[in-house]
Structures are given as C-alpha cells and as structure tokens.
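Peer 1: Here's a sequence, model it:
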Amino acid sequence: MMRPAPDHILDDAPLLVSACLIGQPCRYDGAATPTTWVMDLVAQGRAIPFCPEIAGGLPTPRTPCELRRGKVVDRDGIDHTDAFLRGAEQGLALARLAGCAGAVLKARSPSCGLGQIYDGTFTGLLVPGNGLFAALLLAHGIPVRTELDQDRP
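Peer 2: Coordinates of the predicted model:
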C-alpha cells in the first residue's frame with residue numbers, strides 16, 4: 001500500500017532512505033520495493049538513497065539473510081555479519097556527512113528492519129528486533145522509521 005509522505009518528515013535536512021524504496025533493484029532477490037512518497041522525497045532532493053548490503057560488498061541477487069542470535073546468516077548458514085556491519089558503518093558515515101535528520105528504511109530487513117525482523121529460521125516468522133543498520137543509526141541518535149510506519153519521527 002502506498003501512502004503520502006507524513007508532514008513531520010518534510011524538514012530541510014535530508015533523510016537517508018533505503019535504495020530499494022526508490023526502485024533500485026538491490027534487494028536480495030534482485031527486486032525493488034518502490035514507495036511513491038519515498039521516491040518523491042528523492043526527486044525533490046530531500047533524501048539520499050543508500051543500500052547498506054550493497055555498500056558492505058554483497059552482490060545482487062544474493063541468498064536471503066536473516067538475523068539469528070546476533071549474527072546475519074544466509075539460508076545456507078553462511079555468516080555475512082561482517083558485510084552487514086561494514087555497510088551499516090558506511091551508511092552511518094554518510095548520514096553524518098550529509099547531516100541527515102533521520103532515515104526511512106525497508107521494513108523487516110536484517111539491515112534496515114525496525115521493531116520487527118525475521119527470526120532467522122527462514123519460515124516467515126517475525127520477532128521483535130531491529131536490523132543492524134537501523135540499530136546503529138538509533139544508537140547514534142538518528143531517528144529511524146520504515147516505509148510502513150507513519151507514526152515514527
């Protein structure tokens with residue numbers, strides 16, 4: 001479902017946004033999840049697209065990953081935590097450099113999820129938690145929301 005941009009995020013400082021939300025095919029499956037109001041922010045010069053998984057060196061497409069006991073593992077059990085952390089650190093540096101007021105990230109992602117992420121069993125079960133990139137931004141005082149969440153700053 002596509003929703004209009006909430007008024008409270010339309011300040012002068014840019015936002016960092018998940019690149020898949022503006023139509024860049026960078027998701028694990030090589031697809032995108034374009035979201036009209038996020039694409040509009042980028043078109044207006046009010047947001048900067050970024051994909052922490054690509055920045056961390058992961059290819060597209062790639063084997064799906066989920067968080068399991070603090071590690072990011074793919075469906076085959078291979079640990080990709082270092083790549084996810086590398087990308088998260090690069091995203092934090094970009095957000096600081098650009099003076100970003102916050103971020104709009106992809107819901108449920110092991111990088112970008114906020115409040116709910118997949119449980120690491122690859123069964124579609126959601127559990128409370130944040131993706132590594134979202135958690136890092138929050139830890140550094142950068143507000144985060146997802147494309148689905150209309151109530152966060």
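Peer 1: which helices and strands sit right next to the host helix or strand of Arg86?
Peer 2: Assessed by DSSP states H and E, Arg86 sits inside helix 81-98. Using 3 or more Cβ pairs under 8 Å, 6 or more residues apart in numbering; DSSP states H and E as the contact definition, the elements that helix 81-98 packs against are strand 15-18, strand 47-50, helix 52-55, strand 71-74, helix 132-139. No exception for glycine: its C-beta is placed from N, CA and C like everyone else's.
Peer 1: For Arg96, which non-adjacent residue is closest in space?
Peer 2: Among residues not flanking Arg96 along the chain, His140 sits closest, at 7.8 Å (Cβ to Cβ, 6 or more residues apart in numbering).
Peer 1: So that neighbour sits against Glu89, correct?
Peer 2: No: if you go by Cβ atoms under 8 Å, His140 and Glu89 don't touch, sitting 10.5 Å apart.
Peer 1: By mean pLDDT, which helix or strand of this structure comes out lowest?
Peer 2: For the chain, scoring each helix and strand by mean pLDDT, DSSP states H and E identifies helix 36-43 as the least confident one, at a mean of 94.
Peer 1: neighbour count winner among His140 and Glu89?
Peer 2: The residue with more neighbours, out of His140 and Glu89 and counting by other Cβ atoms under 10 Å, is Glu89; that gives 16 against 10.
Peer 1: which residues touch that one?
Peer 2: By Cβ atoms under 8 Å, 6 or more residues apart in numbering, the contact set of Glu89 is Leu136.
Peer 1: Now do it against Thr33, distance only.
Peer 2: Computed with Cβ to Cβ, to the nearest Å, the distance linking Glu89 and Thr33 is 24 Å.
Peer 1: List the buried residues for the least confident helix or strand of the chain?
Peer 2: Burial within helix 36-43, assessed by neighbour count using 16 or more other Cβ atoms under 10 Å, is assigned to 38-39, 41-42.
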